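Student: Here is a sequence together with a model predicted from it:
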Amino acid sequence: MGFDTVLAKNVEPTKTCPFLGGELASNTYDSGKCSKGIDDARRAFVIQECFVMEHTRGTVRASRISSLQGLLSFCATIIDIRLYLRSGFDLIRGRDSHEYVSLS
């Protein structure tokens, strides 16, 4: 533009947009790639759901456990990690979604 700037004070333009339940951000500084992640609203929702399930005593519907596992699995695929939810799947294996499961 015709004037000198201090490179350390310049900020690269970034764009964050929602995409298939996650978010893509172009903050990779000329690498030609996008980073992906989970937006703040979904992250807060997942944390709240985990907190509620952690502090639940007694019985819970199998569908509620299955829903939480699905939510965690979806978030894991967005950020490329692998979850080990076998104990949760063992807990609801062979049960209908309307049945109750005892939590310890």
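Tutor: Yes, it's here.
Student: ranges for the strands of the protein?
Tutor: 16-19, 22-25, 35-37, 58-61, 100-103 (DSSP state E).
Student: Turn those into TSV, including mean pLDDT, mean neighbour count and distance to Q48.
Tutor: Yep, even glycine has a C-beta here, placed from its N, CA and C like the rest. As requested, those are exported to TSV (pLDDT from 0 to 100; neighbours: other C-beta atoms under 10 Å; distance: least, C-beta to C-beta, whole Å):
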stretch	mean pLDDT	mean neighbour count	distance to Q48
strand 16-19	76	11	20
strand 22-25	80	16	18
strand 35-37	81	14	18
strand 58-61	89	13	16
strand 100-103	85	12	18
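Student: CSV for these, including distance to D80?
Tutor: Formatted as CSV, the strands of the chain follow (distance: least, C-beta to C-beta, whole Å):
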stretch, distance to D80
strand 16-19, 15
strand 22-25, 11
strand 35-37, 8
strand 58-61, 29
strand 100-103, 30
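Student: Now do the contacts for the residue nearest the centre of the chain.
Tutor: Nearest residue to the geometric centre of the chain (C-alpha atoms, centre = their mean): C75, 3.0 Å. For C75, the contacting residues are I38, R42, V46, by C-beta atoms under 8 Å, 6 or more residues apart in numbering.
Student: go again using 6 Å as the cut-off
Tutor: By C-beta atoms under 6 Å, 6 or more residues apart in numbering, C75 lies in contact with I38, V46.
Student: now do G70
Tutor: Per C-beta under 6 Å, 6+ apart, neighbours of G70: none.
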